[in-house]
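*Asks:* from the sequence below, what's the structure:
(2 chains)
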Amino acid sequence: MNSQNIEKPRVLKETKNKIRVEFERTPLLERLKVKFISMHFLVSLIWYIFRLILLIGISYIILYPFYTKIAGSFMIPDDFVNVTVRLIPTQLTLNTYKQIFIEMEYSKAFVNTLLLSGTAAIIQTFVCCFIGYGLAKFRFKGGRILLLLVILTLIVPHQTLQLSLFMNFRYFDIFGILKFLSGGATVGVAWIDNILSKIKILPFPYGLTLTNTFWPMILLSATGLAFKNGLYIFMMRQFFRGVPDELEESAYIDGSGVVRTFLTIIIPLSIPMMITVFLFAFSWQWTDSFYTNLFFTTTQTILMPKIVGIPSTLETNFAGQNLYYAAIRNTCGLMIIAPLVVLFLFCQKFLIQGIERSGITG
Amino acid sequence: MTSEVKLKNTVSNKGASKKRRHASLDKRKARAGWLFVLPFVVGFLIIYLPVIFDSIRLSFYHIKVLPGGGYTLDPVGWGNYKEALFVDPDYVQTLLTGIRQLIFDIPAIIMFSLFMAVLLNQKMAGRAVFRAIFFVPVILATGIMASIDSQNILSEYMEEEEGINTGTGQSAAAEIVTAMDISNLFRNMRFFSGMEEYVATAINNIYDIVNRSGVQMLIFLAGLQSIDPKIYESCQIDGATSWETFWKITFPMISPMILVNAVYTIIDSFTAGSNQVMQFISRVYQRPDGNVVSAAMSWMYFLIVMLIIAAVAGLMSAYVFYQRRDT
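*Replies:* Numbering: from 1, shown residues only, chains lettered A, B, ... in the order given. The predicted model follows:
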């Protein structure tokens, strides 16, 4: 009986799921000694502290400019000439926000930009999903060349194309068809030109004017040519290459067609990735000033990048003018990105998940 | 006999039909592939190709917009290119500084993003928070924000005073550099003197580098996570230190990603709105009659950057390690 008691640990308490037993352990002090007074622990502690300091430092570098912007946006003009005031405003004022909101027609800009970015981003997400799937899963002649062309569209800077992009949409025409139907076509020979000018089915001798509408962005998005779409297509392709082929093969064997397989099996699978692409597309379109300045030349459609400026009621001539104006401009920037911050906070998890899953591996 | 012949026939028939069906399936799949990429093909042919050709063509012309809603073109040959190269006082200068800056930035950004990706890949408390913070610049510091930031005197002002500086990271980092006497350190280490300047400048531009290495960091993170944990396990069992593991396992495995990132960094930084050359070209575009000259300028710039990309890709692909995998 005795020997049995020594061999088996004594059961203190036993319930359905838990069991507490008593057994001899090395004393706590000894254990702590072994654990904490060792080279390994020391090295990992130093590494831990170093890493933490580094990460916090760099996070600080990233977030600090946002803090200066926020602090500056609440300051009154006097704070900018007061040497003792730096990072904390003496009295909080919402005047800057209010004036920008009213004079720059923030709400209009918000609605317009939301419409534009929303449509563009949704179209881009789906189109890039299609194209990426096509490039990843099907072998056909010219597939590799197409991929190269996609990357080419990413590489050629849009500034290079800005003039011809503008011209293309200012006088929009597909292979001169509209011109031909409206009698504006010329070939350089007088009598043919004469006949051609008689054709007047449509009233657009110079093509359609698509600038100052959403159409340029929609057309570019629908064809996967808008801002950084090459990157989205590439990300989508890499993601789909990681999806096992067996999935579709079993669907094909069960008699499902290519399109149906894509819609019912692949799309639900790739939703995190699509959210990632959508976020990129949406926020880069939201803050984009290049296309909006290019395609929206008049002041009729107010978009976010247009609201950066000095409201007339805030104009001053005092000494700290430059600084104050800089603060106002930064406040405009803050107001522009505020909706994005909200979006980012909500979707941050998807974003990082999606990017990790894309597994962009060569 | 007859039965044998029949059998043979059926066999051969079966084989033939199987082969045919196979080909047709391939064809059908190819057709489906074209269906999926159709939007891009159509867009490329209808919009992009004409736009590219137009852009090249227009760089050889002078353009005049008519009040009625049309425009006329006068061919000027290489005139725009000549104007950009020889008449414009700033173009060549800006181009040279821009390219030097580009070559300077690539190693800094890649080293930094690789380092941070390795850090963020480790298990630790608050990893998700740090990842989210590191991702902020990718979403928020682009486009209009970047152009506001590029001429921002507010954050410079905020950091003027001692003690509460840092803002864009510049003055604080510079102070640290002087305090630590980094140049002296390097002189004692007997590195070549360019190194000292490089490190000091890189630290001075830390804000810029952090801001621009977001996407690269994520690409590296994705690459790091695709490495099989088994390899690390076996390394650990064999007694390799983490330093050795990094150089012998992580680095070769991640090297394709380094190539991708190098190319991406070049593309990203030379098409960015904050790029000096790009800003210069945009300014020229706004000038009266400047639009065609700016097209010529950007095509030259594009060619040079293409050459740099080709050189970098060619050089690096010789050293890139590809894990053999069955695709």
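*Asks:* quick one: low-confidence ranges for chain B?
*Replies:* B:1-23, B:64-72, B:143, B:150-197, B:200, B:204, B:273-274, B:289-290, B:322-327 (pLDDT under 70).
*Asks:* please apply the same query to the stretch 201-350 of chain A.
*Replies:* A:201-207, A:299, A:319.
*Asks:* name the residue of it that lies nearest to chain B.
*Replies:* A:T223 (2.1 Å; C-beta to the nearest C-beta). C-beta coordinates here come from the backbone N, C-alpha and C atoms, glycine included.
*Asks:* what residues are up against residue 104?
*Replies:* This is for chain A. Residues in contact with A:M104 (C-beta atoms under 8 Å, 6 or more residues apart in numbering or on different chains) are A:302, A:306-307, A:309, A:311, A:332.
*Asks:* the intended chain is chain B.
*Replies:* B:F104 touches B:198, B:201, counting by C-beta under 8 Å, 6+ apart.
*Asks:* gap between it and chain A?
*Replies:* According to C-beta to the nearest C-beta, to the nearest Å, B:F104 and chain A sit 19 Å apart.
*Asks:* name the next helix or strand downstream of the helix or strand hosting that residue, please.
*Replies:* Element membership of B:F104 [criterion: DSSP states H and E] is helix B:91-121. Note on helix B:91-121: by DSSP H and E, the next helix or strand toward the C-terminus is helix B:127-140.
*Asks:* and that following helix with helix B:91-121, angle?
*Replies:* For helix B:127-140 against helix B:91-121, the angle by axes from the mean of the first three to the mean of the last three C-alpha atoms, to 10 degrees is 160 degrees.
*Asks:* what's in contact with helix B:127-140?
*Replies:* A:55, A:58-59, A:62-63, A:66, A:279-280, A:283, A:287, A:337, A:340-341, A:344, A:348-349, A:351-352, B:116, B:120, B:210-212, B:214-215, B:217-218.
*Asks:* same for chain B: which of the contacts of A:M104 are within range?
*Replies:* A:C332 (C-beta under 8 Å from any C-beta of the partner chain).
*Asks:* which among the contacts of A:M104 count as buried?
*Replies:* A:302, A:306-307, A:311, A:332 (16 or more other C-beta atoms under 10 Å in any protein chain shown).
*Asks:* quick one: which of those residues is nearest to B:G314?
*Replies:* A:K306 (43.6 Å; C-beta to C-beta).
*Asks:* helix, strand, or coil at that closest one?
*Replies:* Following DSSP: H, G, I helix; E, B strand; the rest coil, A:K306 is assigned to helix.
*Asks:* what does A:T93 give?
*Replies:* Per three-state DSSP, A:T93 ends up coil.
*Asks:* now do the helices in the stretch 151-300 of chain B.
*Replies:* B:154-158, B:170-180, B:182-189, B:193-204, B:206-212, B:214-225, B:229-237, B:242-245, B:251-271, B:276-286, B:290-317 (DSSP state H, counting those that start in this stretch).
*Asks:* again but with the stretch 101-250 of chain A, I slipped
*Replies:* A:106-137, A:143-155, A:158-170, A:177-182, A:190-196, A:215-222, A:229-242, A:245-253.
*Asks:* export the ones you listed as JSON lines, with columns for mean neighbour count and distance to B:L96.
*Replies:* Shown next, in JSON lines, are these (neighbours: other C-beta atoms under 10 Å in any protein chain shown; distance: least, C-beta to C-beta, whole Å):
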{"stretch": "helix A:106-137", "mean neighbour count": "21", "distance to B:L96": "36"}
{"stretch": "helix A:143-155", "mean neighbour count": "17", "distance to B:L96": "21"}
{"stretch": "helix A:158-170", "mean neighbour count": "22", "distance to B:L96": "19"}
{"stretch": "helix A:177-182", "mean neighbour count": "18", "distance to B:L96": "43"}
{"stretch": "helix A:190-196", "mean neighbour count": "11", "distance to B:L96": "49"}
{"stretch": "helix A:215-222", "mean neighbour count": "21", "distance to B:L96": "33"}
{"stretch": "helix A:229-242", "mean neighbour count": "23", "distance to B:L96": "28"}
{"stretch": "helix A:245-253", "mean neighbour count": "12", "distance to B:L96": "50"}
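*Asks:* now render the ones you listed as JSON lines, adding distance to A:T93.
*Replies:* Converted to JSON lines, the helices of the stretch 101-250 of chain A look like this (distance: least, C-beta to C-beta, whole Å):
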{"stretch": "helix A:106-137", "distance to A:T93": "17"}
{"stretch": "helix A:143-155", "distance to A:T93": "44"}
{"stretch": "helix A:158-170", "distance to A:T93": "39"}
{"stretch": "helix A:177-182", "distance to A:T93": "54"}
{"stretch": "helix A:190-196", "distance to A:T93": "65"}
{"stretch": "helix A:215-222", "distance to A:T93": "37"}
{"stretch": "helix A:229-242", "distance to A:T93": "41"}
{"stretch": "helix A:245-253", "distance to A:T93": "58"}
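*Asks:* the ones you listed: which one's closest to A:E22?
*Replies:* Between the helices of the stretch 101-250 of chain A, helix A:229-242 lies closest to A:E22; by C-beta to C-beta that is 51.4 Å.
*Asks:* now that closest one against helix A:215-222, angle please.
*Replies:* Using the same axes, to 10 degrees: helix A:229-242 against helix A:215-222 is 20 degrees.
*Asks:* list the contacts for residue 280?
*Replies:* No chain was given, so I picked chain A. Contacts of A:F280 by C-beta under 8 Å, 6+ apart are A:228, A:231-232, B:139.
*Asks:* try again with chain B
*Replies:* B:90-91, B:94, B:297.
*Asks:* lovely, talk soon.
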